[in-house]
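**Student:** Got a predicted model here, sequence first, then my questions.
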Amino acid sequence: MSCSDNIFKLYAGEITTKRVTVIEPKDKVTDPDVPVDLTGSEVVITCKEDTAQSNAEAVVQASQTSHADGTNGITDIDFDLTNVVSRIKNEGALLVCDVWIIDSAGKRLPQGTFEGEVMASPNKVAGVIDTEDPTISADDGILTVNGDIDTQGGITATGTITSTGDITTSGDVDAVNVAASGTISSGGDISTDGSVTATGDVTASGDVSGFTLTASGSVVSQGDITASGDIYGDNVTATGNVTVDGDISTDGAIDASYVSLNEQSSDPSLAGAGKTAIWQSDGTGAGDDGDIMAKVYDSAGNSVTRTLIDYDSGSDSGYEFTGGFVDRTTGQSGANDLGSNTQYTAAMASSSAWYRFGFSAARQAANDVAYFPTSSFDSFDQTKGLFGGAHMPEGIENLVDYSFDDSGQSGSYSDAVTSGSLQYNAATGSYDLTGCNVGDLVKVRFSFNAVPQVANSTLEVGLIFMTRDEYDAPTFTFALTTQPIFFGTGSQGVAYLNRVEMSAYIASDEDRNARLLPAIRCNNEILIQPLTTLISIIR
């Protein structure tokens, strides 16, 4: 006696109805197989892991007394595998199945034996999957375990992998969704088109990727962490990239090589107080396109939004400091106030000419010698000034051009002007505003010693400012002056230290392309010792 139709591929964890045809094997040539008449009989099928087990130890035992077509040996039997507690070691457990018939008189007819199978996929397994085989695979759909999944290979399903315990593998976890009431740990990659969810930690020696990654513990990857949705965890840690199109929510730390932000078309909204959001604006919500924004909620739930990085203007204000004047041949920048006398003559006073103090790369190298440790600076280039460019605003390479010289060119700034209402001497170099942004404020401090040669002298200090267009042609040249300094009776021959501040705004690209130098003029002869200048960009 046996059964046909290859019916005994049973899926653990469900109640399923299988159609059974009971036949009486005969000699195929002279006496063909015929179905057993089941009318008035009970069909009993018992599936065991091996023949030594008793019926009480069977994986499942099912019976049926009412048959779909008893005359032709056909009956439908319900197999209930929802409470199977046997240990399923592989995709399927090979079972020994006994079938017998009890007739209407209660007589048990001779039994037949055949092999069947209980599959771990596509539905449910009650207990633990524990294997050293390469892969636990649920190619047909869902793999659900009411215990732990522990394998030295990988775990693969075209549907969902769910465990009420832990999921641990030395291989890859690959499924539409992965969920565990415990931890998810992979020695390879964790990859899903859906979600990865665990009440413990999600850990991979490879990459973790999915639509949503959720862990009541930590999300940890030795590779990349990628989510098309959200990432939730006590900590989010990756030695590679953390990429998310949604939110990263954690009460712990986000530890990665860097965090990549995607532009947002609206300001993020945070639930609850004491939260901070940082995002890149596309200009639709708060901030301009490319700005890095922060929205901070206090403990009462009140919020403020600030621009952390202005894409157009760079970030912080900054400055540079130098004593690299052509006319300073003594002393050290910032270390002392010793200077070299420069003669402002009576002839200059008579023509109301300005004396400009130019820059020199040679004098800059000689005068700008750091008197402080420089090893702590991230970058330090002494050719930029005394502070080596360490304190300049972001995006600006230089604030002083020590070698600028356009002598002999049309509209030259370096050449002298000896006629008209604005006269000045020849001078090389210039403050450099080309790296600034429109809207920046420029402040220049000019430090010098003044030695009046005549009592009751009035000294003017200013910037000789020449704006230039995009073709480098001069547009306007003028003196930006400050409050005059008066040296009265008894001042003759006395050295006075002056630190004069001047300012200019950058209102257009012509201002950014301007040339400018500090200058003085006086109504009498005077000696000037140029010392240092501090140029600051205020944002």
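**Tutor:** Perfect, I can see it now.

**Student:** quick one, helices of the protein?
**Tutor:** All helices of the chain, identified by DSSP state H, fall at 346-351, 361-367, 509-512.

**Student:** With distance to residue 318, mean pLDDT and mean neighbour count as added columns, please give those in JSON lines.
**Tutor:** All C-beta atoms are positioned from the backbone trio N, CA, C, and that covers glycine. Output for the helices of the chain, formatted as JSON lines (distance: least, C-beta to C-beta, whole Å; pLDDT from 0 to 100; neighbours: other C-beta atoms under 10 Å):
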{"stretch": "helix 346-351", "distance to residue 318": "35", "mean pLDDT": "97", "mean neighbour count": "14"}
{"stretch": "helix 361-367", "distance to residue 318": "19", "mean pLDDT": "97", "mean neighbour count": "18"}
{"stretch": "helix 509-512", "distance to residue 318": "16", "mean pLDDT": "94", "mean neighbour count": "18"}
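
**Student:** Compare those and give me the one nearest residue 338.
**Tutor:** Of all the helices of the chain, helix 361-367 sits nearest to residue 338, with 10.7 Å by C-beta to C-beta.

**Student:** for the closest one, the distance to its chain's centre please.
**Tutor:** Averaging C-alpha positions (C-alpha atoms, centre = their mean, to the nearest Å) puts helix 361-367 43 Å from its chain's average.

**Student:** re the thing from before, could you check the helices of the chain and tell me which one is nearest residue 75?
**Tutor:** Residue 75 lies closest to helix 509-512 among the helices of the chain, at 91.6 Å (C-beta to C-beta).

**Student:** residue ranges with poor pLDDT in the stretch 1-150 of the chain?
**Tutor:** 1-14, 25-32, 83-95, 110-147 (pLDDT under 70).

**Student:** so residue 485 bridges to which residues?
**Tutor:** With DSSP bridges as the criterion, residue 485 is bridged to residue 459.

**Student:** My read is that it contacts residue 452, right?
**Tutor:** No - assessed by C-beta atoms under 8 Å, residue 485 is found out of contact with residue 452, at 9.8 Å.

**Student:** Mind listing the residues bridging to the residue nearest in space to the middle of the chain?
**Tutor:** Centroid check for the chain by C-alpha atoms, centre = their mean gives residue 259 as the closest residue, at 1.1 Å. According to DSSP bridges, the residues that bridge with residue 259 are residue 242.

**Student:** Give me the pLDDT for it.
**Tutor:** The model reports residue 259 with a pLDDT of 73.

**Student:** Do me a favour and get the end-to-end distance for stretch 190-200?
**Tutor:** 15 Å (C-alpha to C-alpha, to the nearest Å).

**Student:** What lies in contact with it?
**Tutor:** The contact list for stretch 190-200 (C-beta atoms under 8 Å, 6 or more residues apart in numbering) reads 160, 166-167, 172-184, 202, 204, 206-217, 221, 229.

**Student:** Give me the buried entries from those residues.
**Tutor:** Among the contacts of stretch 190-200, those classed as buried by 16 or more other C-beta atoms under 10 Å are 160, 166-167, 172-184, 202, 204, 206-215, 217, 221, 229.

**Student:** Report how many residues lie close to residue 15.
**Tutor:** By other C-beta atoms under 10 Å, 9 other residues sit near residue 15.
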